[in-house]
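Visitor: turn this into a model:
(2 chains)
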Amino acid sequence: AQSVSQHNHHVILSEAASLELGCNYSYGGTVNLFWYVQYPGQHLQLLLKYFSGDPLVKGIKGFEAEFIKSKFSFNLRKPSVQWSDTAEYFCAVNSGGSNYKLTFGKGTLLTVNP
Amino acid sequence: NAGVTQTPKFRILKIGQSMTLQCTQDMNHNYMYWYRQDPGMGLKLIYYSVGAGITDKGEVPNGYNVSRSTTEDFPLRLELAAPSQTSVYFCASSYPVKKEANVLTFGAGSRLTVL
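Guide: Next up, the predicted model:
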């Protein structure tokens, strides 16, 4: 079965620090990759997605992620975080084909101190 | 558009009671899903549906049932509630174009406590 690993359970940063959250998946074939974010008290929402093409994808609020096929990774980055980025971040993977079920990682809680 | 609406937002159940979590969407999405979220465990798929009259099990279906009589509604039924079902439940939907089917729109969640 497909699995998704997020290496950091809780990350604490100061404003303006750079962010990188790790995500690795287990499936070796074609994948669709996502990062979802849950801000405090809000719905889960899509941050960015990768289907094919340029492995560096840009999402909302200055976030980007890089798909590295050889490493089975899809790490999330932001050069300078803000207090408003405090949220829980979930990596999700779908193995393509006719299976439209997403497998989610356990999530990384990001706390940004002002 | 209201998006995905879940009710109730909070509920406390006693062991052995039953209840239904309601979910409705107004985006004409064919695909609908129920996930549960437990602290530090991410989201686990309970059931999903690709259209009215069609449902299938996800990773953790035991103790739950679903039905899909209309495109808009996808209720989740808990029979004989157990403490292990204490969780936050999220309903989601997506548009039935192949890759966009993975772009989920989530509801606000329903926090259920079983005592």
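Visitor: what parts of chain A come near chain B?
Guide: Proximity of chain A to chain B, by C-beta under 8 Å from any C-beta of the partner chain, involves residues A:4, A:6, A:9, A:32, A:34, A:36, A:43-46, A:49, A:51, A:90, A:92, A:94, A:100-102, A:104-107. Yep, even glycine has a C-beta here, placed from its N, CA and C like the rest.
Visitor: one more time with 6 Å, if that's ok
Guide: Contact residues (C-beta under 6 Å from any C-beta of the partner chain) of chain A with chain B: A:32, A:43-44, A:46, A:51, A:94, A:100-102, A:104-107.
Visitor: what about the residues you listed, which are in strands?
Guide: Using DSSP state E, the members of those that fall within strands are A:32, A:44, A:46, A:94, A:104.
Visitor: redo the residues you listed as JSON lines? Include neighbour count.
Guide: Listed next are these as JSON lines, based on neighbours: other C-beta atoms under 10 Å in any protein chain shown:
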{"residue": "A:32", "neighbour count": "21"}
{"residue": "A:44", "neighbour count": "25"}
{"residue": "A:46", "neighbour count": "17"}
{"residue": "A:94", "neighbour count": "22"}
{"residue": "A:104", "neighbour count": "21"}
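Visitor: closest to the centroid, which residue in chain A?
Guide: Compute the mean C-alpha point of chain A, and by C-alpha atoms, centre = their mean the closest residue is residue A:35, 3.5 Å away.
Visitor: so who does that one touch?
Guide: A:47, A:48, A:65, A:76, A:91 (C-beta atoms under 6 Å, 6 or more residues apart in numbering or on different chains).
Visitor: so where is the chain shaky, pLDDT-wise?
Guide: I'll assume chain A. A:96-100 (pLDDT under 70).
Visitor: that's the other chain; I wanted chain B
Guide: B:1, B:98-101.
Visitor: most centrally placed residue in it?
Guide: residue B:34 (2.7 Å).
Visitor: is it true that that residue touches residue B:74?
Guide: No. Taking contacts as C-beta atoms under 6 Å, residue B:34 lies outside contact range of residue B:74: 7.1 Å.
Visitor: partner strands of the longest strand along chain B, parallel or antiparallel?
Guide: Across chain B, the strand with the greatest residue count (assigned by DSSP E) is strand B:42-51. Partner strands for strand B:42-51, per DSSP bridges, with pairing direction: strand B:31-38 (antiparallel), strand B:54-57 (antiparallel).
Visitor: picking up where we left off before, apart from its neighbours in sequence, what residue is nearest the residue nearest to the centre of chain B?
Guide: Distance criterion C-beta to C-beta, 6 or more residues apart in numbering or on different chains; nearest residue to residue B:34, sequence neighbours excluded, is residue B:46 at 4.4 Å.
Visitor: what of residue B:106?
Guide: Residue B:106 sits nearest to residue A:44 (C-beta to C-beta, 6+ apart), 4.2 Å away.
Visitor: cool, residue A:17 as well?
Guide: Using C-beta to C-beta, 6+ apart and skipping the chain neighbours, the partner closest in space to residue A:17 is residue A:81 (5.8 Å).
Visitor: any idea how many residues pack against residue A:18?
Guide: 10 (other C-beta atoms under 10 Å in any protein chain shown).
Visitor: what about the closest residue to it other than its chain neighbours, distance to residue A:113?
Guide: Leaving out its chain neighbours, the residue that sits closest to residue A:18 by C-beta to C-beta, 6+ apart is residue A:79, at 5.4 Å. In this structure, residue A:79 and residue A:113 are 18 Å apart, going by C-beta to C-beta, to the nearest Å.
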